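K.L.:
Build the 3D model from these lines:
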Amino acid sequence: MLPSGYVVPNDFLFFMGLIYGLPPLLLIAGLFFKKPGDPSQFGPPPQGKSIASAVLTVLRKTMLWQGRATRSEFWWYFLFGMTVIMAVVGIVLGWNNTAGLIVWFILSIPGFAVGTRRLHDIGRSGWWQVFGVTGTGILVLLVLWMLPPVRQVELSQVDVFE
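P.N.:
The predicted structure is shown next:
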């Protein structure tokens, strides 16, 4: 509660407007971005995987930011990562422990890579993950990650030269 006679400065209101107003506007503008070309530019569509093969594939492709990832591959790793982070780091190691932060960092790098490949599977750029920095941006990412893959389109010479 503000003391009586206290006036909120205009600079503060402008600053708060930027903090709370700009991210939703950027997210809405991001929905109108042009897709980065035809769906086949990221490679052939991948096949669905079981939980063990999905997690191993993601860990094996930790530094691979190109190509595609299926919904099953992304969501199995997401489930595995959240389980390991919440159970191992939160309960066993403790959040204030340096080892807990190291485990979180190690698991987040493959998470960003598989998130980028999952966005490629729906025909979007991996830079859409920047929206996850904002609180409401993670909702947009969750919706994008849930979308079905874009159909593979074969381009003929007629389509290319016309």
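
K.L.:
Low-confidence ranges, this structure, go.
P.N.:
Along the chain, segments meeting pLDDT under 70 span 1-18, 20-48, 93-96, 151-162.

K.L.:
and the residue nearest to Pro149 when sequence neighbours are not counted, backbone torsions?
P.N.:
Distances taken as CB to CB, 6 or more residues apart in numbering put Asp121 closest to Pro149, at 4.6 Å, once the chain neighbours are dropped. For the C-beta atoms, the positions are set from N, CA and C on the backbone; glycine is no exception. Asp121 adopts backbone torsions of phi -70, psi -20, taken as degrees, to the nearest 10.

K.L.:
hang on, isn't Asp121 packed against Arg68?
P.N.:
Yes - counting by CB atoms under 8 Å, Asp121 does reach Arg68; the two are 4.2 Å apart.

K.L.:
Of these two, which one has the most company?
P.N.:
Taking Asp121 and Arg68 together and counting by other CB atoms under 10 Å, Asp121 has the greater number of neighbours (25 against 21).

K.L.:
from what I can see Gly137 touches Phe131, true?
P.N.:
Yes - if you go by CB under 8 Å, Gly137 and Phe131 touch, sitting 3.3 Å apart.

K.L.:
Tell me how far Val133 lies from Trp127.
P.N.:
12 Å (CB to CB, to the nearest Å).
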